[in-house]
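just coords:
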């Protein structure tokens, strides 16, 4: 970080921060201030999905799950799940029964693992005044251990179903290469029972943290399913009345190229408005789909049915972690192995769409296939691309309240505001650099 | 669990040019490793790393770094005794990096007693790129160095692969 302090009113002032800590991946953020007015906020992001979309063209439809899983080491299950569901939609196939349950269990593992990492190792230090979890762990080793144990429980689910938790290899269009036996899943039960206790403790613990007073009137976009808290299936809905089939996604959302950045910013059509995807959106749109004990834990931690303070997203993530653990136990207890580990999927020329709920929010995939099953077109819209304009909006609202503060305080609150979204810039950029430009 | 084993962990992203170096080295060491040595390829996700090395007696970590040195230059650090220097940034897109995983494990008392880091200065980290020539040229020396340190049966604490 470099700083040229102001010599007086109107003197130029520039701050550069070369690394923004505790955000997944790499990118750039700039804030320009003139006098006492915020002039501009910009997230600059380079997006590997564009590279992978090119890589996918000409490949067999069966290759998409493995190729797209490599886009992100943090949420490979999400990429695989969106890919297989889109391919199955293109081919007119629906996967149900035990295979559907296994996919949901797999997703529970990723939510637990990803949320636990963000809550404890990335986000919690913000609220307790530590520069990182290493310093936090010196004073609160039990909290760090709780986070690691929770994450491990999620990793164990991913290991069992995916073959390995990073870039899982067991998923295929139509199901899995190998389905676990009942005893395999039962072996997870003791771990998940412990994880359930840890998750309850996590919800309560996050409720004791102090949060900046900041509310936004968000447009929350997520999946909604008739019977369950959404992971793999559902209609795309918003709290402002949107309710569409996922195949209509591109008629309602548009990726616009932003000149100052390599990024495509996703906005709603027709007004170009920003919107919010992720845990807070899922929670607001699906509170009634949570089991009573999870709703009660949320209430006890200070959350209503809708949370509009993004800093409290840490508690919403904790609530979703608890839900995922309870849901994983339910799925394990009800599991009867499928007769076959995958159903046959015969490729047909056409286009398939799918959206699933990655830990960070809605992940949309569209693929077009020829009659040999080769991919002729692909479109991947990751959650962080969708949240970018929303993050910028938060910063535009937030920075004016802090504009008289020293630059390092502005930088810190901005970093926190970005971390609220757990932006997985791994799938959307390379290096996150923060610039505050005062002139 | 890892018991008293020795772990050789090659960290990196196979799709990002020189970032694949650690994985490629681990793969090569695995072909010639003495009994009791487990070789892993790892994407570097730190919590999984911390879980993976728990209980191990000796750990060798290999990764590509970006520190301003000449491409292909090899750096070595004894992480049992010192943190990974800040100017040596292993190439990870993870928010919580290897250096922090080591320090968190140290604070929590779960860092194995013998941890060595071998890094190679990378030049190319573009998605889809191959290893750059200077990094590829460093591979043989790093593999031999690791095998020599493991195969000679030296005691834990030996500084063969530390700087």
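Received the coordinates, thanks. Please read all numbers here as calculations on a predicted model, not as lab measurements.

hey, let's count contacts and neighbours off CA atoms from now on
OK.

In chain B, spot the helix with the most residues.
In chain B, with assignment by DSSP state H, the single longest helix is helix B:133-151.

helices or strands up against it?
Contact here means 3 or more CA pairs under 8 Å, 6 or more residues apart in numbering or on different chains; DSSP states H and E; on that basis helix B:133-151 packs against helix B:21-32, strand B:114-121.

do that again at 7 Å, thanks
Judged by 3 or more CA pairs under 7 Å, 6 or more residues apart in numbering or on different chains; DSSP states H and E, helix B:133-151 is in contact with helix B:21-32.

and the helix it packs on, what's its mean pLDDT?
Helix B:21-32 carries an average pLDDT of 95.

Following it in sequence, what is the next regular element?
Next along the chain after helix B:21-32, taking DSSP states H and E as the criterion, comes strand B:37-42.

That next one to helix B:133-151, inter-axis angle?
Strand B:37-42 runs at 150 degrees relative to helix B:133-151, counting by axes from the mean of the first three to the mean of the last three CA atoms, to 10 degrees.

can you state the direction angle for strand B:37-42 and helix B:21-32?
Counting by the same axes, to 10 degrees, strand B:37-42 lies at 150 degrees to helix B:21-32.

average pLDDT for the helix or strand following strand B:37-42?
Heading C-terminal from strand B:37-42, the first helix or strand you meet, by DSSP H and E, is helix B:46-53. On average, the pLDDT along helix B:46-53 is 87.

rewinding a little: quick one: the longest helix of chain B to chain centroid distance?
12 Å (CA atoms, centre = their mean, to the nearest Å).

go on, stretch A:170-177?
23 Å.

What confidence value was assigned to residue B:58?
Per the predicted model, pLDDT is 95 at residue B:58.

oh sorry, the question was meant for residue B:17
89.

ok, it touching residue B:134?
No: the pair residue B:17 / residue B:134 is not scored as a contact, 12.0 Å apart, by CA atoms under 7 Å.

end-to-end on stretch A:341-358?
End-to-end distance for stretch A:341-358, by CA to CA, to the nearest Å: 24 Å.

Sort out which residues of it are buried, please.
Buried residues in stretch A:341-358, defined by neighbour count with 16 or more other CA atoms under 10 Å in any protein chain shown: A:341-343, A:345, A:347-358.

what comes into contact with it?
With contact meaning CA atoms under 7 Å, 6 or more residues apart in numbering or on different chains, stretch A:341-358 is reached by A:75, A:78, A:81-82, A:85-87, A:89-91, A:93, A:174-179, A:230-233, A:246-247, A:362-373.

rewinding a little: take the buried residues of stretch A:341-358 and keep only those in strands.
Using DSSP state E, the subset of those located in strands is A:350-358.

Which of residue B:17 and residue B:134 has more residues huddled nearby?
residue B:17 (22 against 17; other CA atoms under 10 Å in any protein chain shown).

Could you report the separation of the more buried one from chain A?
From residue B:17 across to chain A, the span is 14 Å (CA to the nearest CA, to the nearest Å).

likewise residue B:125?
From residue B:125 to chain A the distance is 10 Å (CA to the nearest CA).

Show the backbone phi and psi for that residue.
Here is the backbone geometry of residue B:125 (degrees, to the nearest 10): phi -130, psi 20.

correct me, but it touches residue B:16?
Yes: contact criterion CA under 7 Å: residue B:125 and residue B:16 qualify, at 4.9 Å.

Tell me where chain B is predicted with low confidence.
B:1-3, B:89-96, B:152-163 (pLDDT under 70).

residue at max distance from the center of it?
residue B:128 (21.7 Å; CA atoms, centre = their mean).

list the helices and strands the strand or helix carrying residue B:104 packs on?
Following DSSP H and E, one finds residue B:104 within helix B:98-108. The contact analysis (3+ CA pairs under 7 Å, 6+ apart) places helix B:98-108 against helix A:133-139, helix B:46-53.

what's the shortest one in contact with?
The reference is to helix A:133-139. Contacts of helix A:133-139 (CA under 7 Å, 6+ apart): A:121, A:125, A:130, A:144, B:100, B:103-104, B:107.

Distance-wise, check residue A:170 relative to residue A:179.
9 Å.

before we move on, back to that, let me know the closest of the contacts of helix A:133-139 to residue A:308.
When the contacts of helix A:133-139 are compared for distance to residue A:308 (CA to CA), residue A:125 comes out closest, at 21.2 Å.

hey, which helix or strand in chain A has the poorest pLDDT?
strand A:2-3 (a mean of 36; mean pLDDT, DSSP states H and E).

any low-confidence regions in chain A?
A:1-28, A:44-50, A:73, A:164-168, A:259-264, A:424-439.

which residues in the stretch 51-200 of chain A form strands?
Ranges of strands in the stretch 51-200 of chain A, per DSSP state E, counting those that start in this stretch, are A:171-172, A:175-176.

Out of those, which is closest to chain B?
strand A:171-172 (18.7 Å; CA to the nearest CA).

Listing partners with orientation, what would you give for the closest one?
strand A:175-176 (antiparallel) (DSSP bridges).

Quick one: residues in contact with the strand it pairs with.
Under CA under 7 Å, 6+ apart, the answer for strand A:175-176 is A:99, A:170, A:341-343.

returning to that earlier point: before we move on, what SS does the residue farthest from the centre of chain B have?
Secondary structure, DSSP: H, G, I helix; E, B strand; the rest coil: residue B:128 is coil.

Run through the residues that contact it.
Taking CA under 7 Å, 6+ apart as the test, what residue B:128 contacts is B:15-17.

Please identify which residue in the stretch 101-250 of chain A comes closest to chain B.
Of all residues in the stretch 101-250 of chain A, residue A:134 sits closest to chain B, at 4.9 Å by CA to the nearest CA.

Distance check, that residue against residue A:126.
For residue A:134 relative to residue A:126 (CA to CA), the value is 13 Å.

what do you get for residue A:356?
Going from residue A:356 to residue A:126 by CA to CA gives 29 Å.

Over to residue A:102?
Using CA to CA, one gets 35 Å for the distance from residue A:102 to residue A:126.

can you check residue A:273 too?
29 Å.

the more surrounded of the two?
Per other CA under 10 Å, whichever of residue A:273 and residue A:126 has more neighbours is residue A:126, with 23 against 13.

Just say helix, strand or coil for the nearest residue to the more buried one once chain neighbours are set aside.
Distances taken as CA to CA, 6 or more residues apart in numbering or on different chains place residue A:416 nearest to residue A:126, at 6.6 Å, with adjacent residues excluded. Following three-state DSSP, the label given to residue A:416 is helix.

count of neighbours near residue A:416?
Neighbour tally, residue A:416, other CA under 10 Å: 22.

just residue A:268 next, same as before
Neighbours of residue A:268 using other CA under 10 Å come to 18.

Could you do residue B:137 as well?
Neighbours of residue B:137 (other CA under 10 Å): 13.

ok so, going back, from the ones in strands among the buried residues of stretch A:341-358, pick the one nearest residue A:148.
When those are compared against residue A:148 (criterion: CA to CA), the nearest one is residue A:358, at 20.4 Å.

mind checking how far the closest one is from residue A:410?
Using CA to CA, one obtains 30 Å as the distance from residue A:358 to residue A:410.

if I read this right, residue A:376 contacts residue A:59, doesn't it?
No: the criterion here is CA under 7 Å, and residue A:376 misses it with residue A:59 at 8.3 Å.

So if I had to pick from the two, which one is more boxed in?
Of the pair residue A:376 and residue A:59, residue A:376 is the one with more neighbours under other CA under 10 Å, namely 19 against 16.

Helix or strand for that one, just tell me which one.
Counting by DSSP H and E, the element that carries residue A:376 is strand A:375-381.

Quick one: residues in contact with that strand.
Taking CA under 7 Å, 6+ apart as the rule, strand A:375-381 contacts A:49, A:53, A:56-61, A:363-370.

Flag every buried residue along it.
Neighbour counts using 16+ other CA under 10 Å place A:375-381 of strand A:375-381 among the buried residues.

same thing with stretch A:400-418?
Using 16+ other CA under 10 Å as the test for burial, stretch A:400-418 gives A:403, A:407, A:410-411, A:413-418.
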